[in-house]
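Peer 1: 3D model of this:
(2 chains)
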Number of protein chains: 2
Amino acid sequence: MFSSQKSSEKHTTLFLIMMRLNLKYVLSSLILMVTCVTLMLWHRCDFVRTFPKRFYANQYQEESVEIDCVINQEYSIACRREGDEVYLPFSFIKKYFEVYGSLNTIDGTTHFDWSHSYGKVNLPRSIYDSKGIFMYFENYNVEVRDRVKCISASAGVPISIQWESQGYFYATQIAQFGLSHYSKNLTEPEPTRKIIEDADLNQYAWITPRNSSISRNYSTDITGVVNFATSNHIDSAIYSEMDHVVDLIMSIDLYFQQNSSMMITMQNRENQQLYVLHYILADLSITVQDENNIYYGLGTNALGKWKHITRDLFVDVQKGIALMYINRKQKMRRNEFKVVKIAFIGNGSFDNLTLSTSEHIQHFYDAAEWFVRNQNQSTGGFAIPVRRRLASGFEDLNRGWLSAMAQGHAISLLSRAFYHSGGNRKYLKAAVNALKPFKLPSSQGGVLAKFMNILPFYEEYPSSPSSFVLNGFIYSLLGLYDLHQIAPKTKGGKEAGILFDQGMESLKKMIPFYDTGSGTVYDLRHVTLGTSPNIARWDYHVTHVNQLLLLATIDDDPIFSQTADRWRGYMMGKRAMHN
Amino acid sequence: MFSSQKSSEKHTTLFLIMMRLNLKYVLSSLILMVTCVTLMLWHRCDFVRTFPKRFYANQYQEESVEIDCVINQEYSIACRREGDEVYLPFSFIKKYFEVYGSLNTIDGTTHFDWSHSYGKVNLPRSIYDSKGIFMYFENYNVEVRDRVKCISASAGVPISIQWESQGYFYATQIAQFGLSHYSKNLTEPEPTRKIIEDADLNQYAWITPRNSSISRNYSTDITGVVNFATSNHIDSAIYSEMDHVVDLIMSIDLYFQQNSSMMITMQNRENQQLYVLHYILADLSITVQDENNIYYGLGTNALGKWKHITRDLFVDVQKGIALMYINRKQKMRRNEFKVVKIAFIGNGSFDNLTLSTSEHIQHFYDAAEWFVRNQNQSTGGFAIPVRRRLASGFEDLNRGWLSAMAQGHAISLLSRAFYHSGGNRKYLKAAVNALKPFKLPSSQGGVLAKFMNILPFYEEYPSSPSSFVLNGFIYSLLGLYDLHQIAPKTKGGKEAGILFDQGMESLKKMIPFYDTGSGTVYDLRHVTLGTSPNIARWDYHVTHVNQLLLLATIDDDPIFSQTADRWRGYMMGKRAMHN
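Peer 2: Reported below is the predicted structural model:
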C-alpha cells in the first residue's frame, strides 16, 4: 500500500522534470506512465466489476466491490467484498451485537477502537476493611446525580426524585452519600479551610445598613457568636462581599428567630450571572424564583435553636439552576462558580462560618444522624416512602417498604460512625436495630426471601414474587459483615455475623444462576415470573464483578475469584464454551 | 462508479487513435490524460491518505481506506473505512461471535448469507400422539451415524462406539433406532417388496454346484422351506445372481446347522467394486477381511433354530467399508450399491427371502425385543455397559449405570410396541418395569435427582453431583407420558402419569435456569460444580426448542410456548433485553 503511494508521488515529480525534455522522449515516457498509472490504480479501485469474473477472481482478489449481506434471511445490508473476504459495516454490527466503537486519532493516525463493553472494573487495593473505604465509593458523587433533587438544608442529606418527582428521602441514596464522603475523607488530601467569622480569632468586616445591627456576644457560650438584627427588607441585610473560588463548602452554626435567613450570592465566572442561595426557616426542600433566587428550607423546627449546616454551594446552585431550566440540561463545572457575598437578614446569631475545599466527615455524620433519627424503632427499618413497581408481573411494593440494600448500606454507615466517633453507642444501637428486617420474611414487611423455599436471601426489593437482585443482596451482606467486624463481641455484632454467614452460604450456591455465559442477569425474575431473563447492563455487570472481587478478599472460596475472572472476561467478549 | 469507468475505457481507445496524430497534439493530450486519470483514480484508491484530512472527509466520504481496528485493547485487525463507516472482515466477526456465513450466487448475482445459527426447528404438525410419530424422529437415521459401529446381526439393533471403541449396546441409541423406524413407518410410503424365494408361490432359480443340493420341503411347517446342503468350500455354495438396485432391505428366516452361512454380494455401481456380506454363526458384531469381505455374526445361539433377520444391506456394506478404511472417511450413497448375488453354504434351511425398499416395523420390533430381553428384572433398568466420565468435577458413572433418557425412550418404544402389537403384554410389562429407576435416587443406582433438594428431576446422566441435562429430562418425561397415554387405566400407566406430573412440575419451574438470554445451557453443571456454564451448541438448543414446542401441544402452561418462541428468536440473533 505504502510503496505504491510513494511511486505515484515519484511519477508526479518526474512529470514536471520531463516537461523540459524532448517531445519524443516525453511521449514514450508518458505512454509508459499512463499504462503504468492506469494498471497500478486499476486493481486498487472498485470498477473492475466490468472485467470478466474470472479475471477479477483470479488475479485481483483485493478489489473491493459492494455486495448484499442477507442477515438471517430477514433483511439485507450493503457490505463490501474483497476476494473471499466480506466486510460488514460497524453500524450494523454495533446494533446487532450491541458493541461499542469509535474512530480515534493518535499521532495523526486514525484507528478504530472496538469495545465489547463500557465500564471499568475496580481491582481491590487490599483486603476489605470495614473501618475503611466502602468498596470504591470514593469515586461516587451522589449529590450531582440527576436523580438527586437537592441536598436537604434541614437534614443535610440528598432528596431523591428517582421514583417520585416531588422528592423523598431514599435511605439507599442517603447511605451512599454518607459512605462516599466517608471514603473520600480517607482518600482525598486534607482540605484547606478558611474560617470567615467565629467571633473570636477570626472576625470579618460586615457591612451593616442603617437600622440594622451586628454584635459579637460572649455570654451564651464559652466561645463568641455573632448576633444580627435587621428589618425584613432585603436592603437592611448585613453582608460581606468576598471572592472565594475553590472553597465552595460552607459550614456554619445558625440560630435563627422568625423570618431570618442567610443569603449567599454565587457568580458564574464565565457569564457573570449571579445566583442567590437563600437558606430560610421553612419546611421546603428547594424552590426557585425568577432566574436567580434559589431557596433551601432549614425546617421550621430550626426556629430558635442552634443548627449546624454544611453546604456544598456548588451543588446548591447546580440543583437550583436545574430546577429553573428543567428542559435545558447543562453540564456545570465546580470551578465555574465563586462566592461573592454572604448576607443575613432577620434576627439571630451565627458562629463558625467557614469555607473549605471539602467537609466529607460533616456530610458523613449528617447521613449517620439521618439514620439515627429516621429509624422505625419497632421494625428497625428505614422505610422508603414511595410506592414502587418493579416490573410487570410483580406486585407493587407499598409505600413504606424496606430494602435489604438500604438496611445494609445503613449498617455499613452506622458501623463506621460508631467506629469513627470513638464508640458513640447511638450509632451501634441503630445498626443493630437495622438487623431486624433481615429476620422477617418479605411477605411480613421484612427483607428475607427464601430461594427455592430454602436459601435465605436478603432482598433489595422485597417483591412478590421474589426478585433476587444480586447486587443489592451483596451490598446487604457487606453491611452485615461490617457490623460483625466492628463490634464482633456484642450481641448485635454476633447476630450480624450469623446473618452474614447464612447469606454467604446462599450466595455461593446462587452465583451460578446469574451467569449467562456471556454476561450476568440482574435478578432472577425469569425464574420467579417465568419470563425473559433480565440481563444486567454493563454498569451492573461491572458492579457484580467488583463485588465478587471484594468478597474474594474476605472469603477464600474459589467461586468468588474464579467467577470474577470469568465475568471480567465477558466484558472483553469472551464467552463460556458450548458443548 | 460506472460513468468514470466508461470514460476511462474511452480514454484508452482515444489513445490508440492519437498515436497517428502529430506529437505536439499527442503530448498535450497525454498530459491532460495523465492528469485526468491520476486525479480520477486518486480519490478512488486508498492513498488519499496524503491529501489534507478535510479534503478527504468533506468531499470523498465514499473512499475505502485501510484502517486498524483495535479489539478491546487486546489486538488489532485490518479493517476498511469509508467516511464515518468502518467495515470489519467477516473472518473476524465469525470467530469473535461464532456466527456463520457463506457467499452464494443466485441468477448470476453473488450475495453473502449471514446465519446466526445452524439447525432447523421442527414445528409440531399436530398435538403429540403417543401412538404416533415420536417427536420428529422420522428424520433420524440412527444406523448411518459414525458412532454406530454396525447393526448387530444377532440382535438387529445398533452397536454403539460412542464411548468405547469395541462397541456396546447403548439403550438410548437402540430406542432411537426403533422409534425412528416406527415413525418412518408412519410417514414414508408403503414399501415395495419382492419375495425372492418362499418355497411356495415364489420360487427362484438357484445354481447348485456338483455335490451340493437344494430342495423344497413341506413337511416341517404349513409353508414350504428351502433346504440346502453343501461342502464347506466356497465353490460348493448354492447361489443365485440378480440385479437389485432399490430394494436393499433384506429379510429372511434362517435355520443354520454348524458352519453354515449366507453370503450377499453387493456391487458399487460406479467403480464396480464387489463386497461380500457374510452372515455367519459366530458371536461377533462385525469384522472385515481383505478389501471385500465383511462378516456379521448371527450369534452361536442361532445354531439349529429358526431365526428371522432384517438387514439394511446398504448399511451393512457401509459399516464394513468404514472398518476397512478407518482413516479414509467417505460419504456413501444408498443408490451407489446393488445386490448382485445371494449364496448359501453349509447345511440348513431358509424361507421368506425378501428384498424391500424398507421394513421399518421389523426394525422397530427388533428394538422392542431387545428391550424385553435385556431388561434387568429386579431394577427395571437397561444398563449401559460402559464407564462414563461426564466432565471434570463429576464422579465417573460406573459400568452398568442407568439413564432416564434410555429408560424414557425405551418406555416410549415399548408403549408403542404394546399398542402396535394389539396389546402384547410383554411390552407393557417391560415398560412398566422400566419405571422403577425413576423412583430410585441416582445415588442408589436410580435416575432420580432432586434439584435444590426439592424438585424431582430424572437424569440422563445420574451423576454425582447432579448434572440436570435438560433434553434428556424432557425425553424421559415423554416416555412417562406415552405409557400413561397408552395404558392410562393400568397400575403402571397411572404410576407413569404421577411420575410425569411431578416431573412436569419441576420442569416448569426449572426451564428459566437454562435460559441465558441469547441461548440455552445444556445442563446445570455450573450450578452443581460452580463452574462455567455449559452452553448448548445450536444442535441441542434446537432440540430444546423442539421439545418445548411439542410439550406446548400437550400442556397449555404458557411457559412452553412463550419460552420456545423466545428461544427460537435467539437462533436469529435476538437477545433478552438488558436493564
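Peer 1: got a list of what A:F112 touches?
Peer 2: Counting by Cβ atoms under 8 Å, 6 or more residues apart in numbering or on different chains, A:F112 makes contact with A:90, A:101-104, B:67-70, B:79, B:81, B:86. In this view, the C-beta of every residue, glycine as well, is placed from N, C-alpha and C.
Peer 1: any idea which residue sits dead centre in chain A?
Peer 2: A:Y140 (5.2 Å; Cα atoms, centre = their mean).
Peer 1: doesn't A:G178 make contact with that residue?
Peer 2: No. Contact criterion Cβ atoms under 8 Å: A:Y140 and A:G178 do not qualify, at 10.6 Å.
Peer 1: sorry, back to before: once you drop chain neighbours, what's closest to the residue nearest to the centre of chain A?
Peer 2: Of all residues not flanking A:Y140 in the chain, A:S180 sits nearest, at 3.9 Å (Cβ to Cβ, 6 or more residues apart in numbering or on different chains).
Peer 1: and the contacts of A:F112, which of them are buried?
Peer 2: A:90, A:101, B:67, B:69-70, B:79, B:81, B:86 (16 or more other Cβ atoms under 10 Å in any protein chain shown).
Peer 1: which of those lies closest to B:S442?
Peer 2: A:G101 (48.8 Å; Cβ to Cβ).
Peer 1: phi and psi next, for the closest one.
Peer 2: phi -160, psi 150 (degrees, to the nearest 10).
Peer 1: check which helix or strand covers A:G380.
Peer 2: Element membership for A:G380, per DSSP states H and E: none, as it lies in no helix or strand.
Peer 1: please name the nearest non-neighbouring residue to it.
Peer 2: Closest to A:G380 by Cβ to Cβ, 6+ apart is A:K436, at 3.4 Å.
Peer 1: from chain B, how far out is that neighbour?
Peer 2: When distance is defined by Cβ to the nearest Cβ, to the nearest Å, A:K436 is 28 Å away from chain B.
Peer 1: nearest to A:S349, of the buried ones among the contacts of A:F112?
Peer 2: A:G101 (60.7 Å).
Peer 1: isn't that closest one up against B:V86?
Peer 2: Yes. Using Cβ under 8 Å, A:G101 is in contact with B:V86, at 6.8 Å.
Peer 1: how about the residues of the stretch 401-550 of chain A near chain B?
Peer 2: Taking Cβ under 8 Å from any Cβ of the partner chain as the contact definition, the stretch 401-550 of chain A meets chain B at A:451-455, A:508-509, A:511-513, A:515-519, A:521-522, A:524, A:526-527, A:530-537, A:540.
Peer 1: now those: which count as buried?
Peer 2: Those of these that meet the buried threshold are A:451, A:455, A:508-509, A:511-513, A:515-519, A:521-522, A:524, A:526-527, A:530-537, A:540, by 16+ other Cβ under 10 Å.
Peer 1: packing partners for whichever helix or strand A:I67 is part of?
Peer 2: Assessed by DSSP H and E, A:I67 sits inside strand A:64-71. When contacts are defined as 3 or more Cβ pairs under 8 Å, 6 or more residues apart in numbering or on different chains; DSSP states H and E, strand A:64-71 packs onto strand A:75-82, strand A:85-89, helix A:90-97, strand B:109-115.
Peer 1: same thing but 7 Å
Peer 2: If contacts are counted by 3 or more Cβ pairs under 7 Å, 6 or more residues apart in numbering or on different chains; DSSP states H and E, strand A:64-71 sits against strand A:75-82, strand A:85-89, strand B:109-115.
Peer 1: quick one: that strand to chain centroid distance?
Peer 2: In terms of Cα atoms, centre = their mean, to the nearest Å, the centre of strand A:64-71 is set 43 Å apart from its chain centre.
Peer 1: helices of the stretch 51-200 of chain A, start to end?
Peer 2: A:53-59, A:90-97, A:171-187 (DSSP state H, counting those that start in this stretch).
Peer 1: quick one: secondary structure of A:W370?
Peer 2: Following DSSP: H, G, I helix; E, B strand; the rest coil, the label given to A:W370 is helix.
Peer 1: residue contacts, the residue in the stretch 301-450 of chain A positioned nearest to chain B?
Peer 2: For the stretch 301-450 of chain A and chain B, the shortest gap (Cβ to the nearest Cβ) falls at A:A391, measuring 9.3 Å. With contact set as Cβ atoms under 7 Å, 6 or more residues apart in numbering or on different chains, A:A391 has these partners: A:R525.
Peer 1: and the gap between it and A:Y458?
Peer 2: 20 Å (Cβ to Cβ, to the nearest Å).
Peer 1: quick revisit: out of the helices of the stretch 51-200 of chain A, which one sits most buried?
Peer 2: helix A:171-187 (a mean of 24; mean count of other Cβ atoms under 10 Å in any protein chain shown).
Peer 1: residues in contact with that one: which ones?
Peer 2: Helix A:171-187 is contacted by residues A:132-134, A:137-138, A:140, A:142-143, A:148, A:157-158, A:160, A:360-361, A:363-364, A:367-368, A:370, A:382, A:384, A:403, A:405-406, A:409-410, A:412-413, A:416 when judged by Cβ under 7 Å, 6+ apart.
Peer 1: state the mean pLDDT of that helix.
Peer 2: In this model, helix A:171-187 has a mean pLDDT of 97.
Peer 1: how far away from the center of its chain is it?
Peer 2: With Cα atoms, centre = their mean as the basis, helix A:171-187 stands 12 Å off its chain's centre.
Peer 1: do the same with stretch A:84-102
Peer 2: Centroid separation for stretch A:84-102 versus its chain: 30 Å, with Cα atoms, centre = their mean.
Peer 1: tell me the pLDDT of A:H11.
Peer 2: Value for A:H11, per-residue pLDDT: 49.
Peer 1: likewise A:N424?
Peer 2: For A:N424, the predicted pLDDT is 97.
Peer 1: on that earlier part again, of all the helices and strands packed on strand A:64-71, which lies closest to B:G304?
Peer 2: Proximity to B:G304 (Cβ to Cβ) singles out strand B:109-115 among the helices and strands packed on strand A:64-71, at 58.2 Å.
Peer 1: list the buried residues of the closest one.
Peer 2: Of the residues in strand B:109-115, B:111-115 count as buried by neighbour count, 16+ other Cβ under 10 Å.
Peer 1: reformat those as TSV; add pLDDT.
Peer 2: Formatted as TSV, the buried residues of strand B:109-115 follow (pLDDT from 0 to 100):
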residue	pLDDT
B:H111	94
B:F112	95
B:D113	94
B:W114	94
B:S115	93
